[in-house]
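J.: From the sequence below, what's the structure:
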Amino acid sequence: MLYGLATLIGIIEGLTEFIPVSSTGHMIIAGHLLGFTGPRADAFEIFIQLGAILAVVGLYRDRFLALIPGRSGVPAPGNIADTVDATAGTGFSGWRGLGLLALTTLPALVAGKLAHHYIKDHLFNPITVAIGLAVGGAGLILVERFRPAPRKTGLDSLGWQEALWVGLFQCLALWPGMSRSGSTIIGGMIKGIDRKTTAEYSFLAAVPVMIAATGYDLYKSRGFLHASDAPLFALGFVVSLVSAWFAIRFFIRFLASHTLKGFGWYRIVVAAFTLWYFSGRQLG
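T.: Sure, this is the predicted structure:
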């Protein structure tokens with residue numbers, strides 16, 4: 001039973017981490033529906049996010065290698081990362097690329113540290129998740145309706161203003177249900193970054209902030225972990241990695257010919273169901 005739950009939660013995490021629907025929100029809802037809650041369940045859900053992170057690193061390995069100062073990026077044939085020259089002083093590479101990622105990551109780290117206990121104590125429940133899903137869903141629909149014409153195309157076109165702007169929007173994802181990818185994509189599109197570029201930058205920017213957040217949460221949860229948990233955690237990790245790999249590739253292809261409105265309406269439907277189901281249980 002536990003291994004079946006681990007597989008299901010791993011699939012949910014992998015499929016939803018990098019598309020704008022909130023993986024944390026989905027795992028909270030699924031956990032309450034399936035009775036998979038408590039400190040060890042929370043630690044499991046945190047740990048398997050590392051599998052999703054590894055999927056991004058694997059798919060965009062040339063982009064990450066190009067961030068090493070002084071190294072020339074040689075993209076693999078057919079890889080979804082763009083061609084880069086890490087020896088140049090411009091573009092998303094070398095020290096400049098690292099600086100852009102650091103600037104995007106810093107606001108969420110500061111806000112997360114200050115609000116960590118409040119968020120964990122008050123926002124990790126289905127009702128607050130539903131509110132985040134609905135607000136973020138409306139945001140996706142509105143940004144597709146009113147966004148400015150794209151002025152930035154390709155990761156190498158991004159500058160310091162775009163990096164900071166996306167970082168500030170990333171702070172919205174501290175509310176479970178808002179979605180880190182959804183918040184950063186909305187922010188990027190408002191700033192005039194084209195849909196595909198802001199999605200790809202959202203993937204790359206996820207790595208440092210998610211490593212920091214998961215590392216901190218796992219350290220805080222170390223008292224609940226035991227050696228006997230290793231097989232369960234390993235299963236969830238692998239399932240999350242594989243699911244995220246396919247989800248990222250699908251999402252990038254999807255953006256080539258579709259808008260984000262469908263994800264917005266999906267979030268609103270899930271939010272309505274969650275509010276109906278869990279509000280009814282509380283009243284009962």
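J.: Going by neighbour count, which residues in stretch 241-251 are buried?
T.: Of all the residues in stretch 241-251, those buried under the rule 16 or more other C-beta atoms under 10 Å are 241, 243, 244, 245, 247, 248, 251. Backbone N, C-alpha and C define where each C-beta goes, glycine included.
J.: from what I can see the last one touches residue 16, true?
T.: No. Counting by C-beta atoms under 8 Å, residue 16 is not a contact partner of residue 251; they are 10.6 Å apart.
J.: for the stretch 1-150 of the chain, which spans come out with low pLDDT?
T.: Per-residue confidence of the stretch 1-150 of the chain (counting by pLDDT under 70) places the weak regions at 71-90.
J.: got the contact list for the host helix or strand of residue 10?
T.: Using DSSP states H and E, the secondary-structure element containing residue 10 is helix 2-16. By C-beta atoms under 8 Å, 6 or more residues apart in numbering, the residues outside helix 2-16 that reach it are 22-23, 26-27, 30-31, 34, 36, 44-45, 48-49, 51-52, 55, 232-233, 235-247.
J.: So which of the buried residues of stretch 241-251 are in helices?
T.: With helices identified by DSSP state H, the entries of those that belong to them are 241, 243, 244, 245, 247, 248, 251.
J.: with the residues you listed in mind, which one is nearest to residue 147?
T.: When those are compared for distance to residue 147 (C-beta to C-beta), residue 251 wins out at 18.1 Å.
J.: per-residue confidence at that closest one?
T.: We note a pLDDT of 96 for residue 251 in this prediction.
J.: Please identify which helix or strand holds the residue lying closest to it once chain neighbours are set aside.
T.: Among residues not flanking residue 251 along the chain, residue 19 sits closest, at 5.1 Å (C-beta to C-beta, 6 or more residues apart in numbering). Using DSSP H and E, residue 19 maps to neither a helix nor a strand.
J.: Test my guess that residue 19 contacts residue 249.
T.: No. Residue 19 is beyond contact range of residue 249, at 11.4 Å (criterion: C-beta under 8 Å).
J.: What count of nearby residues applies to the residue nearest to residue 205 when sequence neighbours are not counted?
T.: Computed as C-beta to C-beta, 6+ apart, the closest residue to residue 205 that is not its neighbour in sequence is residue 104, at 4.6 Å. By other C-beta atoms under 10 Å, 28 other residues sit near residue 104.
J.: same question, residue 222
T.: Neighbourhood size, residue 222 [other C-beta under 10 Å]: 8.
J.: Identify the residues contacting it.
T.: When the contact criterion is C-beta under 8 Å, 6+ apart, residue 222 has no partners at all.
J.: Give me the phi and psi for it.
T.: For residue 222, the backbone dihedrals (degrees, to the nearest 10) come out as phi -60, psi -30.
J.: hmm, who's touching stretch 50-60?
T.: With contacts defined as C-beta under 8 Å, 6+ apart, stretch 50-60 is touched by 10, 13-14, 17-18, 23, 64, 79-81, 200, 203-204, 206-207, 210-211, 214, 236-245, 248-249.
J.: Filter those down to the buried ones and express that as a ChimeraX selection.
T.: When burial is assessed using 16+ other C-beta under 10 Å, the buried subset of these is captured in ChimeraX by this command:
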select :10,13,14,17,18,23,64,80,81,200,203,204,206,207,210,214,236,237,238,239,240,241,243,244,245,248
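J.: Can I get the buried residues of stretch 241-251 in JSON lines including distance to residue 269?
T.: Putting the buried residues of stretch 241-251 into JSON lines (distance: C-beta to C-beta, whole Å) gives the following:
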{"residue": "241", "distance to residue 269": "28"}
{"residue": "243", "distance to residue 269": "22"}
{"residue": "244", "distance to residue 269": "23"}
{"residue": "245", "distance to residue 269": "27"}
{"residue": "247", "distance to residue 269": "19"}
{"residue": "248", "distance to residue 269": "23"}
{"residue": "251", "distance to residue 269": "19"}
